[in-house]
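Peer 1: Need coordinates for the below:
(2 chains)
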Number of protein chains: 2
Amino acid sequence: MTHPLFEKHRATLEGALGAIATRSYWSAFPEMPSPKLYGETAPDDGKRAFEAHLGKQFELGQPGQSGWHGGEASPYGIELGVSYPVCDPEVLIAAGLEAMKGWQAVGADGRTGICLEILDRLNKQSFELAHSVMMTTGQGWMMAFQAGAPHAQDRGLEAVAYAWREQSFVPAETVWEKPQGKNPPLVMKKHFQIVGRGIGLVIGCGTFPTWNTYPGLFAALSTGNAVIVKPHSNAILPAAITVRTIRAVLAENGIDPNLVSLCVTDKRATTQALATHPAVKSVDFTGGNVFGQWLIDNSRQAQVYAELAGVNNIVIDSTDSYKAMLGNLAFTLSLYSGQMCTTSQALFVPAGGIQTEDGPKSYDEFCADLAKAIERFLSKPEVAHAVLGAIQSADTAERIELANSGTLGKVVLASTALDNPEFPAAKVRTPVLLACDATDEKAYMEERFGPISFIVKVADTAAGIALSERVVSTHGALTAGVYSTRQDVIDAMTEATWRSKVALSINLTSGVFVNQSAAFSDYHGTGGNPAANASYADSAFVANRFRVIQRRYHA
Amino acid sequence: MTHPLFEKHRATLEGALGAIATRSYWSAFPEMPSPKLYGETAPDDGKRAFEAHLGKQFELGQPGQSGWHGGEASPYGIELGVSYPVCDPEVLIAAGLEAMKGWQAVGADGRTGICLEILDRLNKQSFELAHSVMMTTGQGWMMAFQAGAPHAQDRGLEAVAYAWREQSFVPAETVWEKPQGKNPPLVMKKHFQIVGRGIGLVIGCGTFPTWNTYPGLFAALSTGNAVIVKPHSNAILPAAITVRTIRAVLAENGIDPNLVSLCVTDKRATTQALATHPAVKSVDFTGGNVFGQWLIDNSRQAQVYAELAGVNNIVIDSTDSYKAMLGNLAFTLSLYSGQMCTTSQALFVPAGGIQTEDGPKSYDEFCADLAKAIERFLSKPEVAHAVLGAIQSADTAERIELANSGTLGKVVLASTALDNPEFPAAKVRTPVLLACDATDEKAYMEERFGPISFIVKVADTAAGIALSERVVSTHGALTAGVYSTRQDVIDAMTEATWRSKVALSINLTSGVFVNQSAAFSDYHGTGGNPAANASYADSAFVANRFRVIQRRYHA
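Peer 2: Reported below is the predicted structural model:
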């Protein structure tokens, strides 16, 4: 008697449930942008679908519309010119609350089935989404496809799986029969209704408009809430495509599409009013500390799930694969020009240098060798452009200039501008590497988002581990790493991360990188340090998004 | 390879896990204070154990002790004279954090097993605990035994079961093997460590010092946290007995007993400093709105699980069992002199009266009949004393006087003082019933804790349902009820409770009462209205109390 879409996607759900139980490798959505996997015409169809949006009004059919707003500027320098409906937030809220009735009535299996159908449909739009992510964020094509489409869909599915698991634990009804000795038992019939808490507000970021939006969106939606997506002002299109597809699938299945809407505004006050509205019961946010902290301080009526800034770091003690380590670090620091919330910003290297299979390397040698590794890795323009993408914001470009000026530390490797022949107006910058002392805390101990990293000279490995723990505990981090051939060092770093509560990557030298997090296996954020108060995804990410309302009577 | 105590108590855990999955009747701890169940000498042993505490210093062996503090005043008027260690909160915090290392290392199965052993040991102390609860709170003996001991133990076990279920979903390790087409797969070994978040502060209340303390205490403890119990200043003994037993079981099992400590203080500032300490990561609180709201506003570094005031209410439309309904209501309003957070405060009765199997009853007739039912129910002194117990606080006694004065509404039944021959100094008061109009919101629309109830005249049943929804949404409630013979009324009330998020009892006429909540089956609080931001117990109550820290490396 479950919902037909639940039955249709049961195998996918079971795969996801199995994956979150074992956290071994699994994926529902192919990550290769291959015509064999997505259909022969999919690449062209997707590109055309993306291009068809350009210069147009993006119709969503939402209530309360008063006008249009656009203004996205592509980091690749192409003209986008899409405009989106501007709708009265009060109307969107009222319509969302109204739509929750039908969404509650369809039950957890119905909500889960419909969410799985939505994800399946979004997967079919992966090329369209990838182009829209690439052109609004500046990601390279492969990252835009993978992180923007299948990996984001996997993260959404992961949230749906957690939400289903928790909801499925709540029995719809029970008979409660309490023995009374020799007397007849007390018998009560009880019903347990899962109800959403209200409006889930999901505030997107400018760099990963789907990957960082889908977990909160699908967690809130599948647990019975209405959702308003407030995209970053420069990455609206991927969110708009997503919301349009969601609304279409809802309507096809007899659910009021106003359950999910897009809120586009150029006024910070509108977002603030939304975030503090009594009907908004959850806020999912990815972005900077200033607005994130404002939300935590002011959205007191809601549960806030916030991913904020951090200072990701790696302790480098020793290695038996020096070249491979440098290559791994070079990739990490270059990928999407370091514009990932998981990119390492500080490398803690002992003043006395490190041990390698080629003998000791001094601190200065390590600095020079890492700079060379980055230069070598980016020496082929086609590789460089594919990996670096473009600089997403003017603020990041300014931070690069500041780092290049040498005021934050000694410039070991300066950032340079590259010309992208395919996109002549693209802002492309290579990473800047700075050397500084552990005491220069003002330089490295705040997030400097972008391709800016510090090789921080620490007294010794133990000091590096202690500094890592302090940085994570006080400033937060989504990722930490350690390179060492000594088990006692790895153990000490492991215990430090238990206290500071950050995910640790150990001795990465081949095709896995500290800044990568795989759905169903790697928890993204721990929720235990200042960089994020929640994790993608775990039970805590979903369990407080719904409530159980019981009723009981004598049977 | 699981912990021996996990194996010892496996059947109990499995029973609890089965019960939370079906939410049908189940209990681990016998609720009857019977020598057959607890041992022939248990009643006498327990009484002697309680009496042995009187007039003595209650040794706990905690660090940082600077003196002794007591001062509990028994509502039964007996001399208690117990004093408890006063310890420096900073020392308790440091010791708790230090003890967390070993608690983490013992693993989720070890923590679960040890918590189950603690509950088993507390169960063996049920008579001692019951006397201590009775004499500090003023509960009648049977309630003190049941709610104070086995029912509280069941609620603690429920929290342990939820916590175990969530923790058991986190695999200790995995091998992540990602196919790479024709190339060898990427293979990573990953470990997932469950770590507690820090100190769990559990602040008890004066009326249910174990029942309202054990859920948060065991939820925080079993998920890897240290716990500091801060009891109500007038109900320390039950908490002290509990903490002593916990510390003994911890020590017996190689865990630093300072993991759990008792914080006794007569300074509000000490509690406030504790609640805002950076190391305190969760606060469980039951009590009034003023301090509860202070905690929510100020304990920003912690997750606050708060049960606050509310205005529980019942809509009375019609019945086919008038006498049984009145009897059920009379019991509810009398039990523990209404000093339960679940006692109904407002009965919404249509101005035009109600339909019964004996024909219509006017509003005034209903008022008079309910007053008579209460008088009749309490007419036998032995029944009255067993049910009413004594008045816990001077504030409650003052509220009764205020209600008796008629300034809050027309006095339908005045509260009277009864003499308890067994405890001549006991403050015993019967319930006061007031009649008022729905417009007299200032009278009935705030919690008036104690045996004070309002029969509120509403225009009609629909107005009563709407008023109930508004009261719950704006002022909160832990319980709501409805009496009606009409399915459409029951449906409308059901839907109202889905929106206002309160548990509903329908047509209770026999041995189940709206103010009773059974562990493993009834959710206590929904977490969805102002009376409580969390529920005993559900996944949300436990899932955010621990974090998962992963590490990964090439395999």
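
Peer 1: Please count neighbours and contacts with C-alpha atoms only from this point.
Peer 2: OK.

Peer 1: Could you pull up the residues touching A:Tyr214?
Peer 2: If a contact means Cα atoms under 8 Å, 6 or more residues apart in numbering or on different chains, then A:Tyr214 has A:Ala152, A:Gln153, A:Arg155, A:Gly156 as its contacts.

Peer 1: A:Thr242 now?
Peer 2: A:Thr242 neighbours (Cα under 8 Å, 6+ apart): A:Leu122.

Peer 1: sec struct for it, please.
Peer 2: helix (DSSP: H, G, I helix; E, B strand; the rest coil).

Peer 1: Just the pLDDT for it.
Peer 2: In this model, A:Thr242 is scored at 98, pLDDT.

Peer 1: re earlier: any chance of the contacts of A:Tyr214 in JSON lines, plus secondary structure, distance to chain B and pLDDT?
Peer 2: Conversion of the contacts of A:Tyr214 to JSON lines gives the following (DSSP: H, G, I helix; E, B strand; the rest coil; distance: Cα to the nearest Cα, whole Å; pLDDT from 0 to 100):
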{"residue": "A:Ala152", "secondary structure": "helix", "distance to chain B": "17", "pLDDT": "98"}
{"residue": "A:Gln153", "secondary structure": "helix", "distance to chain B": "18", "pLDDT": "98"}
{"residue": "A:Arg155", "secondary structure": "helix", "distance to chain B": "17", "pLDDT": "98"}
{"residue": "A:Gly156", "secondary structure": "helix", "distance to chain B": "19", "pLDDT": "98"}
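
Peer 1: which parts of the stretch 351-500 of chain A sit against chain B?
Peer 2: Counting by Cα under 8 Å from any Cα of the partner chain, the stretch 351-500 of chain A comes close to chain B at A:Thr494, A:Thr497, A:Trp498.

Peer 1: no no, the stretch 1-150 of chain A
Peer 2: A:Ala21, A:Thr22, A:Arg23, A:Ser24, A:Tyr25, A:Trp26.

Peer 1: quick one on the thing from earlier: quick one, which of the residues of the stretch 351-500 of chain A next to chain B are buried?
Peer 2: Among those, those scoring as buried are A:Thr494, A:Thr497, A:Trp498 (criterion: 16 or more other Cα atoms under 10 Å in any protein chain shown).

Peer 1: mind pulling up the phi and psi values for A:Ile314?
Peer 2: phi -140, psi 130 (degrees, to the nearest 10).

Peer 1: which non-adjacent residue is nearest it?
Peer 2: In space, A:Ile314 comes closest to A:Gly481 once its chain neighbours are excluded; the distance is 4.2 Å by Cα to Cα, 6 or more residues apart in numbering or on different chains.

Peer 1: The one you found looks like it's in a strand, true?
Peer 2: Yes. According to three-state DSSP, A:Gly481 belongs to a strand.

Peer 1: From A:Ile296, how far out is it?
Peer 2: Distance of A:Gly481 to A:Ile296, given as Cα to Cα, to the nearest Å: 29 Å.

Peer 1: before we move on, what about A:Ile228?
Peer 2: 18 Å.

Peer 1: ok, now A:Trp498?
Peer 2: Note on A:Trp498: its distance to A:Ile296, by Cα to Cα, is 25 Å.

Peer 1: cool, and A:Leu97?
Peer 2: From A:Leu97 over to A:Ile296 the distance is 23 Å, taken as Cα to Cα.

Peer 1: tell me the secondary structure for A:Met134?
Peer 2: Strictly by three-state DSSP, A:Met134 counts as helix.

Peer 1: domain parsing for chain A?
Peer 2: According to automatic domain parsing, chain A is divided into the following domains: A:11-308, A:313-506.

Peer 1: how about those domains in CSV, adding distance to B:Leu17?
Peer 2: Output for the domains of chain A, formatted as CSV (distance: least, Cα to Cα, whole Å):
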stretch, distance to B:Leu17
domain A:11-308, 11
domain A:313-506, 29
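
Peer 1: In the sheet, which residues pair with the closest residue to chain B within the stretch 101-250 of chain A? Tell me.
Peer 2: Ranked by Cα to the nearest Cα, the top residue of the stretch 101-250 of chain A for proximity to chain B is A:Trp176, at 4.5 Å. Residues in a beta bridge with A:Trp176, per DSSP bridges, are A:Met188.

Peer 1: Please tell me how far it sits from B:Ala19.
Peer 2: Distance, A:Trp176 to B:Ala19, using Cα to Cα: 10 Å.
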